[in-house]
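Colleague: fold the following, please.
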Amino acid sequence: MTESTLSIENRPSAAFGVSVNRMKSPSSHFGKMEVAIRVLVDRSEDQPALAEVARELGMSEFHFHRLFVEFVGLTPKEFVQFITLTNAKALLRESNSLLTTAASVGLSGPSRLHDLFLTVDHRTPGEFKNSSGLRIHWALVDTILGSALLATTGRGICRFSFVQDAKQALIELRNNWPEATLIHDPATVAEIRDEINARLNGDAPKRRLGLLLKGSPLRLQVWRALIDVPPGFVIPYHSLAEKIGNPSAVRATASAVAANPVAVLIPCHRVIRATGNFGRYQWGTERKLAMLAREYAFHRQKKAP
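Modeller: Model (predicted):
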């Protein structure tokens, strides 16, 4: 049902969570960083050490590291990982084997390639190859809680998000699945839309809806745990972290809840703060309250004699 994937292609700084600030250093510094970039690209197969490159530039490791992050937006190590991973993906798209690909990008074997994909891309090389031919059928649909973008594949639903800006919603879908082919197909998603609307109206599920998810292992754990929270109930973030067996990861759990790509079916609206405050909701606090109120009403009706 699930797949752990996360692409960094064409978005290196966003992928590693480093923002590129306005450059204020002298132009001579950028000249040195140009040299550093060439060195790191040319020697990416050798996985050059920070100290080695800094020494060639006549700089301390600390100064080189700081300037590189300022000008490039990534640490030198992250930049090499980005180059290595990008080269590996190009080779895998050409149907090269894992062994050949690993050797070609300077890794000691398929296990190192596997580790690189999991560390940076949060998926295995095999999952990357499978997603390259993925076809996503999508459409904007009307629900009882407003317009939404619904996207599905032969392996399950990959996105259901309430929208205010249809163009932006489609951009987000494309950014999340850069290797997939998007097909506007209202007819294919119509039955799924009807099932979701029925569930929003308190009806029991009539058909199984599979999910194709992508995210880090922790995020997948959080999303699976959310599915087990029944309608009419809420859970605080710390209890959700405990539920996945990682009670210290409250902040990461909250981040996973906020990144949920499938509304309703992965009920992130059932998560509240420890104080009892309902908290924010990526698709609008008012919508969250409406969903919780409806579920509470349906649950109370079912319990009534």
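Colleague: gap between the closest residue to Leu240 other than its chain neighbours and Tyr281?
Modeller: Closest residue to Leu240 apart from its sequence neighbours, by Cβ to Cβ, 6 or more residues apart in numbering: Thr253 at 5.3 Å. Using the backbone N, CA and C atoms, a C-beta is placed for each residue, glycine as well. Distance, Thr253 to Tyr281, using Cβ to Cβ, to the nearest Å: 16 Å.
Colleague: do the same with Ala256
Modeller: Distance from Ala256 to Tyr281, by Cβ to Cβ: 14 Å.
Colleague: more neighbours, those two?
Modeller: Legend: neighbour count by other Cβ atoms under 10 Å for Ala256 and Tyr281, higher for Ala256 (26 against 21).
Colleague: for that one, pull up the helix or strand it's in.
Modeller: When secondary structure is defined by DSSP states H and E, Ala256 falls within helix 250-258.
Colleague: before we move on, what about Ala139?
Modeller: In the assignment (DSSP H and E), Ala139 maps to strand 135-143.
Colleague: chain center to that strand, what's the gap?
Modeller: 19 Å (Cα atoms, centre = their mean, to the nearest Å).
Colleague: for the helix or strand that it is followed by, which outside residues touch it?
Modeller: Elements were assigned by DSSP H and E; along the chain past strand 135-143, the next helix or strand is strand 146-153. Strand 146-153 has contacts (Cβ atoms under 8 Å, 6 or more residues apart in numbering) with 134-142, 157-163, 166, 169-170, 173, 180, 182, 188-189, 192-193, 196, 212, 263, 287.
Colleague: can you flag the buried ones in those?
Modeller: In terms of neighbour count (16 or more other Cβ atoms under 10 Å), the buried residues within the contacts of strand 146-153 are 134, 136-139, 141, 157-163, 169-170, 173, 180, 189, 192-193, 196, 212, 263, 287.
Colleague: buried residues in stretch 109-129?
Modeller: Residues of stretch 109-129 classed as buried: 110, 113-114, 116-118, 120-125, 127-128 (neighbour count, 16+ other Cβ under 10 Å).
Colleague: which of the residues you listed fall within helices?
Modeller: Judged by DSSP state H, the buried residues of stretch 109-129 include 110, 113-114, 116, 125, 127-128 as members of helices.
Colleague: got the contact list for the strand holding Ala139?
Modeller: 147-154, 158-159, 162-163, 166, 169-170, 173, 177, 180-186, 188-190, 193, 196-197, 200.
Colleague: check contacts around Leu218.
Modeller: The contact partners of Leu218, by Cβ under 8 Å, 6+ apart, come to 244, 246, 249, 252-253, 256.
Colleague: are any of these buried, and which?
Modeller: Applying 16+ other Cβ under 10 Å to the contacts of Leu218 flags 244, 249, 252-253, 256 as buried.
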